[in-house]
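Peer 1: Following is a predicted model, sequence given first.
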2 protein chains.
Amino acid sequence: MIMKYDIVVIGGGAGGFTACLEAKRLYPDKSVLMIRRDEHTLIPCAIPYIAGALGGDLNKNILPDSPLKDSGVEILIDEVVKIDRESKTVETKNGKVIGYDKLILALGSTSIIPKPLQTDLENVFIMNKSYNYVKKLIEAIKESDKIVVVGGGVAGVEFTDDMIRLGKNISIVEILPNILLLNFDEEIASIAADKLKEAGVKLYTNTSVTGYIGEGGRVKGVKLSNGTVLDADMVLITIGVKPNSGLAAEAGLKIAENGAIEVDEYMRTSDPNIYAIGDCALKRDIFTGSPAPYLLASVAAYEARIAVENLYGVKSVKPFKGIIPVLLTTIRGLCFGAAGLIESTAKRYGIEYVKETHETVDIHPGTLTTPNKITMKMLFSSKNYRLLGVQAVGGKSISELINLLAFAISRGVNIYDLHMLPYGTQPYLTASPIAYPVPNIASKILKRIFSSN
Amino acid sequence: MIMKYDIVVIGGGAGGFTACLEAKRLYPDKSVLMIRRDEHTLIPCAIPYIAGALGGDLNKNILPDSPLKDSGVEILIDEVVKIDRESKTVETKNGKVIGYDKLILALGSTSIIPKPLQTDLENVFIMNKSYNYVKKLIEAIKESDKIVVVGGGVAGVEFTDDMIRLGKNISIVEILPNILLLNFDEEIASIAADKLKEAGVKLYTNTSVTGYIGEGGRVKGVKLSNGTVLDADMVLITIGVKPNSGLAAEAGLKIAENGAIEVDEYMRTSDPNIYAIGDCALKRDIFTGSPAPYLLASVAAYEARIAVENLYGVKSVKPFKGIIPVLLTTIRGLCFGAAGLIESTAKRYGIEYVKETHETVDIHPGTLTTPNKITMKMLFSSKNYRLLGVQAVGGKSISELINLLAFAISRGVNIYDLHMLPYGTQPYLTASPIAYPVPNIASKILKRIFSSN
């Protein structure tokens, strides 16, 4: 007997979860099935906080199934091993065959492990989102004192920030000249680096791991390209991921050069009845149109909404093409955010830009309570002064302020629009109306435009 | 001898201050003079917090002159008593005559005191922004136990929230059915009202003050329209303001029916060399074009930037006409924000709308630290689904999220745009990508659109 559903979603992460909820919301009469491998789905963006802030209790970090069940989504815990596009069915590891009318692939991504980092030694861990693996990782963190984190990207830094709470001795090994340089320019990244150093973290930048020192099957040390050997009770590798597109490739769907499943701007694959979203799907940068690795839960949820909205014919023409990367994180209580292009990306793509920075505080007057300093930096096209990117450090309100500017980027606004940004302010909540960073940066750029005429 | 400046700004509040800074930034070669009445300018939005949070120290709440002086703005402490448009000069109380090429009026507003509230009794205070008056107000608050606040608008509520910290017994008298109803719909306002009641504040709604009980020249009680008499050691009146347009009217500038100085969308008065900004200048609502009393420091600073940018000819054509009111406040640590239309305003102008609400939390998973519940409500045009207004309650991140949506309103976005809002999320900083309130409200409305086809 073949079960048949109108909409089948493969994957239970932020993309798959959102797709199922949206599908039942927009098409309440359609039957929706989620197929996922794991009994429990961890909330991916909170995984770095499991050991310290979540107290080692993994159950505090599980996506509850109740919203799915309450809205009528069925759930099958199983693994899809084949997609048959001709019969419009998927086959599972347990031998089930399930028919679909529309299929949404939310297959996620897997960590990349380059040769020198591969090992059978115990206590070498790799970023992984499965419940049982993360459970072992938590135990290892608790039992270790000297921890080496390989990769100073956001995941590595967030894990580090969490493990500092447990009093661990942590080293970060980063191949680039500083941590976080894929998301922030040097002057912003260095604020984060200083915060970690203040807390006792050792940073080894411009450095890679060339091998391990083992003893009795357990890792005891890490060899670095600069000749240093770091003592280690455990190693955590967080150096990048690749899209899970194998299933799609075997089904003959078009795969992009970077390994992601090809999709159009409505998240449709080369098969009109199959959509792909999240880490497994191709993303294109909004400015360059180039494939871009914006593997974020927020992007997955965003793409889920686009896919579902247009599942039965294109219902809405998109106001913009491509993805704006929006990254938010917090390090030692400071908030870091970025949206759009940073300088290194702009240079790589030959996009000419002008930049400007403004400093202020996040409450006014600063004597009211303890303010956080805000540092905001923006990039604009040097020809038409369109907003290209923003980075900021400050208190928690930075998060939605970056989202505001991500939206501004998506709408193609320029310096004149930002100078006339409407906004509210309040002493306890924001910078003062005089010092609000967005129009102030705009007016610094306007000054150059005015004086050049 | 007549001193002459290129740009003369009358007023030292958020509008005047910003205008001076912007003028020197955009036109560094022009001479700029600020003329203001008071030696010290208080930061207007922080005045409600002077007694409690600022510890009674007024000097913690002064706009520093250093940014003005550092940028080359000259300051004259004096009062302008006449504008002579023919000779392009202003005359001051101290007998100075000062020439201008461009004049910017940032004259502010004054409290309205209806007949039954007028009195010579000591210890009856009126919202006022001058240093010496506020100094007396602080002393009175400290010495009083039973305080009656007349007017449950934002100012009255913020004063109340601050005075609660000092352990005062506070009553609020409000003529409308609840506090804050000019800025929020009932279900949001009632959350604020409950917070104040929990803290022991007594609310007298649907009620007005009909007179006072005095003793030895001091107020001892307040008579209410419902017959109640409230004991009072002091009374604080916060029931609305009117634009200071007398000087402009005497100079023959066009005054609008509501008493504000008429300006076009570039803040130009009926005299092409005179601009008006902030509380004294006419504001029109972005949706209705009707005169609207959006007397906010953030609006004044916004208008200052528009005025200065277009001071020597229109440099930028505005992408939108009219003002979006954006209000942010915090009550007992909860943040309240609103932008655009609320239901009562929409009804008054006959604007047909649909509404939707979403509840979530401001961090994810909620087990990470103590989350704030977010309640967000949006209004859309029932015909073209353009965003009309938003209200929200939650943690501090609500403030910039409301600013995001104010910007969305200003760009005329509709439900499809909001469903495809790009945004970043982070466990410590925002709602989860699945529960982020904006696209979720959008999808609830989309559901109705989809099911009606």
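Peer 2: The structure has been received and is ready for your questions.
Peer 1: ranges for the strands of the stretch 1-150 of chain A?
Peer 2: For the stretch 1-150 of chain A, the strands defined by DSSP state E, counting those that start in this stretch occupy A:3-10, A:32-36, A:74-77, A:80-84, A:89-92, A:97-105, A:109-111, A:124-126, A:146-150.
Peer 1: can those strands go into JSON lines with extra columns for distance to A:Tyr275 and mean pLDDT?
Peer 2: For the C-beta atoms, the positions are set from N, CA and C on the backbone; glycine is no exception. JSON lines is the format used below for those (distance: least, C-beta to C-beta, whole Å; pLDDT from 0 to 100):
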{"stretch": "strand A:3-10", "distance to A:Tyr275": "9", "mean pLDDT": "97"}
{"stretch": "strand A:32-36", "distance to A:Tyr275": "13", "mean pLDDT": "98"}
{"stretch": "strand A:74-77", "distance to A:Tyr275": "19", "mean pLDDT": "98"}
{"stretch": "strand A:80-84", "distance to A:Tyr275": "12", "mean pLDDT": "98"}
{"stretch": "strand A:89-92", "distance to A:Tyr275": "14", "mean pLDDT": "98"}
{"stretch": "strand A:97-105", "distance to A:Tyr275": "5", "mean pLDDT": "98"}
{"stretch": "strand A:109-111", "distance to A:Tyr275": "17", "mean pLDDT": "93"}
{"stretch": "strand A:124-126", "distance to A:Tyr275": "29", "mean pLDDT": "96"}
{"stretch": "strand A:146-150", "distance to A:Tyr275": "35", "mean pLDDT": "98"}
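Peer 1: Mind putting those into a markdown table with distance to chain B and mean neighbour count?
Peer 2: What follows is these, written out as a markdown table (distance: least, C-beta to the nearest C-beta, whole Å; neighbours: other C-beta atoms under 10 Å in any protein chain shown):
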| stretch | distance to chain B | mean neighbour count |
| --- | --- | --- |
| strand A:3-10 | 13 | 23 |
| strand A:32-36 | 13 | 24 |
| strand A:74-77 | 15 | 16 |
| strand A:80-84 | 22 | 17 |
| strand A:89-92 | 24 | 20 |
| strand A:97-105 | 15 | 22 |
| strand A:109-111 | 16 | 19 |
| strand A:124-126 | 20 | 21 |
| strand A:146-150 | 18 | 24 |
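Peer 1: And the residue nearest the centre of chain A?
Peer 2: A:Leu296 (2.6 Å; C-alpha atoms, centre = their mean).
Peer 1: I'd like the strands of the stretch 1-150 of chain A as TSV, with distance to A:Gly340 appended.
Peer 2: Compiled in TSV, the strands of the stretch 1-150 of chain A are given as follows (distance: least, C-beta to C-beta, whole Å):
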stretch	distance to A:Gly340
strand A:3-10	30
strand A:32-36	33
strand A:74-77	37
strand A:80-84	35
strand A:89-92	37
strand A:97-105	27
strand A:109-111	22
strand A:124-126	30
strand A:146-150	27
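Peer 1: to the chain's geometric centre, what's the distance from the helix ranked longest in chain A?
Peer 2: Longest helix in chain A, counting residues (DSSP state H): helix A:437-452. Going by C-alpha atoms, centre = their mean, to the nearest Å, the spacing between the C-alpha centre of helix A:437-452 and its chain's C-alpha centre is 32 Å.
Peer 1: Which secondary structure elements does that helix sit against?
Peer 2: Helix A:437-452 is packed against strand A:353-361, strand A:373-381, helix A:398-410, helix A:415-419, helix B:14-26, helix B:297-309, with contacts defined by 3 or more C-beta pairs under 8 Å, 6 or more residues apart in numbering or on different chains; DSSP states H and E.
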